[in-house]
Every structure is written in structure tokens, then in C-alpha cells.
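> Kindly generate the corresponding structure for this input.
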Amino acid sequence: MKDYKEIYAEFKEKLELYVPVVARVHGDTHPEFLEVKEIYDSMKTALEGEAGDPEADFAKLRQITSDYAVPSDTCETYEAVYQMLQAIDEARQAK
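Presented below is the predicted three-dimensional model:
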């Protein structure tokens with residue numbers, strides 16, 4: 001099974017592209033995603049293995065997103081971001 005940092009490395013390029021776009025497109029109707037973006041931005045160094053453990057950040061993400069539940073009025077990119085973050089989180093919890 002892959003380590004959560006390996007999974008993050010696989011998703012990093014897409015997350016870097018998708019997260020700001022989803023925040024811009026859906027931030028007005030889904031302000032919780034603006035919080036998701038802030039948390040993601042702050043935990044990147046931990047995900048890249050530079051410093052810290054992202055446990056508290058993932059706990060906040062699970063709370064804000066209701067365990068990565070995708071709102072019905074959003075796009076596939078929004079859903080993809082949640083799926084990628086959830087995959088990283090689940091791999092981290094399995095370590």
C-alpha cells in the first residue's frame with residue numbers, strides 16, 4: 001500500500017491546478033470550499049514531508065466537508081478535489 005506522501009505526490013499537480021479554480025468558481029455558493037483551500041494551502045509542507053504532521057488539518061477537512069461529501073450542485077472538478085484529499089487522508093490514517 002502506498003504511503004500518503006506518495007499518493008499526495010501523484011495528485012499534487014492536479015490539486016495545485018484544481019483547488020484555486022474550484023475556490024474561484026464555487027466559493028460564493030460554497031464558502032466552506034474557501035476554508036478547504038486555506039487548509040490545503042497550509043498543510044502542503046507537511047504533505048511534502050518538509051515539516052509537521054497534517055493530522056489536525058485532515059481532521060478540520062473531514063469536519064468542514066462532512067467527511068468529503070460532495071454537494072449536489074457542484075462540478076466534477078470539485079468532486080475530484082474531495083476524492084483526492086480523501087484518498088490522501090485515508091492512506092495517512094492507514095499508516
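> list the contacts for residue 94?
With contacts defined as CB atoms under 8 Å, 6 or more residues apart in numbering, the neighbours of residue 94 are residue 1. All C-beta spots, glycine's among them, are computed from the backbone N, C-alpha and C.
> phi, psi of it?
phi -80, psi -10 (degrees, to the nearest 10).
> gap between residue 92 and residue 48?
Here residue 92 is placed at a distance of 13 Å from residue 48 (CB to CB, to the nearest Å).
> Name the residue in the two with the higher neighbour count.
residue 92 (19 against 12; other CB atoms under 10 Å).
> what's the residue closest to the geometric middle of the chain?
Averaging the C-alpha coordinates of the chain gives a centre point, and the residue nearest to it by CA atoms, centre = their mean is residue 85 (3.6 Å).
> For the closest residue to it other than its chain neighbours, give its distance to residue 7.
Computed as CB to CB, 6 or more residues apart in numbering, the closest residue to residue 85 that is not its neighbour in sequence is residue 61, at 6.1 Å. Distance, residue 61 to residue 7, using CB to CB: 15 Å.
> I'm done for today, thanks for sticking with me.
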